[in-house]
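J.: sequence and predicted structure below; questions after.
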Amino acid sequence: MSKNWPLWEIFVRSKNGLEHRHFGSLHAADAEMALANARDVYTRRSEGVSIWVVESKHITASNPADNGELFEPAQDKVYRHPTFYDLPDEVKHM
Amino acid sequence: MSEKEIKSLEEIFEARIARDEKIEPKDWMPEKYRKTHIRQISQHAHSEIVGMLPEGNWITRAPSLRRKAALLAKVQDEAGHGLYLYAACETLGVSRDELFEQLHSGKAKYSSIFNYPTITWADMGAIGWLVDGAAIINQVPLCNTSFGPYARAMVRVCKEESFHQRQGFEIMLKLCNGTPEQKEMAQDALNRWWWPSLMMLGPTDAESIHTEQSMKWKLKRKTNDELRQQFIDQTVPQADVLGLTIPDPDLKWNEETGHYDFGEIDWDEFWQVVKGHGPCNKKRMKDRVSAWENGAWVRDAAMAYAEKQENKKVAKAS
Ligand SMILES: [Fe+2]
Ligand SMILES: [Fe+2]
């Protein structure tokens, strides 16, 4: 009776100073194998200096159907942006 | 959902694509969009995977270490392409196992070109030059397709393809500058791969059933005939550089259109191969299925080992 290898999400830091970015996914039996496979699948041409692997089932994603509720309220909060505030012309750098 | 509600969702959906917005896996999408994408992306993935077989045939017999390293790297890239694409396809809610099952049972198609045999070393040159060349022409427009995971996979694939074509062209060039026998070998490979490469760009527009919908969803930006013309126009001058003759007596430059005119394509042959009667269809599937089946114990052992390690961790913690 065979069981399928679980799915992993792969995050790669392309160089120090940059954040890890989602590169894609792959199947592997465990974390160690996911790292080894990620190296072969996603960094054959020095695309990275560090890899994170996370089993896909551990990721909780927001639902696009909730986008209105989640993200629209930010749109009318213009006072969160510097351009909302009036300054006299004499004030040069602020 | 009522039919009316679905209809209005569909309109919003089509408008998003028309505005060049990307569709991501968890977004609402019409069932037909999902199905069409599963079919196209998986066919594409299968082609990358089956495409390793004809070239794998020559890895152990490459004429030098330089050639061997390059061919090995190319074939490994094709495996990578298959994996990027399977992963993109799985985001649409189909499992890797189902996809393999569709390939192995013959339900899913892969590019017909891989059902031709690779009988000499020059075939490695012709495949890189022509088959990867035609693939690039097909794939570049897909970097802008509407489905996000597919577009991102294609960007990665396209970055890697140009080395494939160059290493193939270099093999041809070396043979063409070699002994008369070597040049003859290169010409023979061109003779055998030319027409299948043209067919690779798909049936003529008149026969192509998916074009209009595919254009809307940006799965296609140019028609098969336009892509084919582009391929011919770009490849003929390259054959001239090699000093090889394209095996088409009707091929000639048309001053008026600014394109090459070319001879009739044997579409009967194309459909025969698609239907499973090409020279290597059976062998390709047999090799693919036996690789999968013979690897089963390794996959099972890896899974059993992972579970055992996991259980040990749990036991220690408790
Ligand atoms: Fe490829
Ligand atoms: Fe390739």
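T.: Right, received. Where do you want to start? Ligands and ions are numbered 1, 2, ... in the order given.

J.: which residues of the stretch 1-150 of chain B score low on pLDDT?
T.: Low-confidence regions of the stretch 1-150 of chain B, defined here as pLDDT under 70, do not occur.

J.: could you list the contact residues of it toward chain A?
T.: B:24, B:26-28, B:73, B:76-77, B:80, B:83-84, B:87-88, B:90, B:95-97 (CB under 8 Å from any CB of the partner chain). Yep, even glycine has a C-beta here, placed from its N, CA and C like the rest.

J.: buried subset of those?
T.: Neighbour counting over the residues of the stretch 1-150 of chain B next to chain A (16 or more other CB atoms under 10 Å in any protein chain shown) leaves B:27, B:77, B:80, B:83, B:84, B:87, B:88, B:90, B:96 as the buried ones.

J.: report the two of those residues separated the most.
T.: Spanning the widest gap among these are B:27 and B:77, at 30.4 Å by CB to CB.

J.: roughly how far is the longest helix anywhere in chain A from the heart of the chain?
T.: Longest helix in chain A by number of residues (criterion: DSSP state H): helix A:31-42. Put simply, helix A:31-42 sits 18 Å off its chain's centre (CA atoms, centre = their mean, to the nearest Å).

J.: buried stuff in the helix or strand just after it?
T.: Reading on from helix A:31-42 to the C-terminus, the next helix or strand found by DSSP states H and E is strand A:50-55. Taking 16+ other CB under 10 Å as the neighbour-count basis, strand A:50-55 is seen to contain the buried residues A:51, A:52, A:53.

J.: dump these to TSV, plus pLDDT and distance to residue B:243.
T.: Output for the buried residues of strand A:50-55, formatted as TSV (pLDDT from 0 to 100; distance: CB to CB, whole Å):
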residue	pLDDT	distance to residue B:243
A:51	98	47
A:52	98	52
A:53	98	50
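
J.: could you dump those to JSON lines with distance to residue B:60?
T.: Rendered in JSON lines, the data for the buried residues of strand A:50-55 read as follows (distance: CB to CB, whole Å):
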{"residue": "A:51", "distance to residue B:60": "31"}
{"residue": "A:52", "distance to residue B:60": "37"}
{"residue": "A:53", "distance to residue B:60": "33"}
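
J.: among those residues, which ones lie close to chain B?
T.: Counting by CB under 8 Å from any CB, no member of those reaches chain B.

J.: out of the residues you listed, the closest to residue A:26 would be?
T.: Of those, the one sitting nearest to residue A:26 (CB to CB) turns out to be residue A:53, at 8.6 Å.

J.: how close does the residue of chain A at minimum distance from ligand 1 sit to chain B?
T.: The minimum distance from chain A to ligand 1, using CB to the ion, falls at residue A:44 (12.8 Å). As for residue A:44, its distance to chain B is 7 Å (criterion: CB to the nearest CB, to the nearest Å).

J.: please, which helix or strand holds the nearest residue to that residue once chain neighbours are set aside?
T.: Distances taken as CB to CB, 6 or more residues apart in numbering or on different chains put residue B:80 closest to residue A:44, at 6.7 Å, once the chain neighbours are dropped. With elements taken from DSSP H and E, the one containing residue B:80 is helix B:65-90.

J.: same for whichever helix or strand comes after that helix, what does it pack against?
T.: Using DSSP H and E, the next helix or strand after helix B:65-90 towards the C-terminus is helix B:96-104. Judged by 3 or more CB pairs under 8 Å, 6 or more residues apart in numbering or on different chains; DSSP states H and E, the packing partners of helix B:96-104 are helix B:31-50, helix B:65-90, helix B:281-294.

J.: with only the CA atoms kept, save helix B:96-104 in PDB.
T.: Written as PDB, here are the backbone C-alpha positions of helix B:96-104 (Å, rounded to 0.1, in the frame of the first residue of the first chain):
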ATOM      1  CA  ARG B  96       0.200  14.500  -9.000                       C
ATOM      2  CA  ASP B  97      -0.900  10.900  -9.000                       C
ATOM      3  CA  GLU B  98      -4.000  11.700 -11.100                       C
ATOM      4  CA  LEU B  99      -1.800  13.500 -13.600                       C
ATOM      5  CA  PHE B 100       0.600  10.500 -13.800                       C
ATOM      6  CA  GLU B 101      -2.300   8.100 -14.100                       C
ATOM      7  CA  GLN B 102      -3.700  10.200 -17.100                       C
ATOM      8  CA  LEU B 103      -0.300  10.100 -18.800                       C
ATOM      9  CA  HIS B 104       0.300   6.400 -18.200                       C
END
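
J.: buried sites along that helix?
T.: Buried, per 16+ other CB under 10 Å, within helix B:96-104: B:96, B:99, B:100, B:102, B:103.

J.: also stretch B:104-112?
T.: Within stretch B:104-112, the residues that qualify as buried by neighbour count (16+ other CB under 10 Å) are B:108, B:109, B:110, B:111, B:112.

J.: equivalent analysis for stretch B:137-157, please.
T.: Of the residues in stretch B:137-157, those buried under the neighbour-count criterion (16+ other CB under 10 Å) are B:137-143, B:145-154, B:156-157.

J.: near ligand 1, which of those residues show up?
T.: Applying CB under 5 Å from the ion, the subset of the buried residues of stretch B:137-157 adjacent to ligand 1 is empty.

J.: so the longest helix of chain A, near chain B or not?
T.: Yes - under the criterion of CB under 8 Å from any CB, helix A:31-42 makes contact with chain B via A:33, A:40, A:41.

J.: and the closest residue to the first one other than its chain neighbours, how many neighbours does it have?
T.: Put plainly, it is residue A:33. Distances taken as CB to CB, 6+ apart put residue B:302 closest to residue A:33, at 6.6 Å, once the chain neighbours are dropped. The local packing count at residue B:302 equals 15, with neighbours defined by other CB atoms under 10 Å in any protein chain shown.

J.: chain center to the helix or strand of chain A with the lowest mean pLDDT, what's the gap?
T.: Among the secondary structure pieces of chain A, namely its helices and strands, helix A:67-71 has the lowest mean (mean pLDDT, DSSP states H and E), a mean of 93. Shown here is helix A:67-71, whose average C-alpha point lies 19 Å from the average C-alpha point of the whole chain (CA atoms, centre = their mean).
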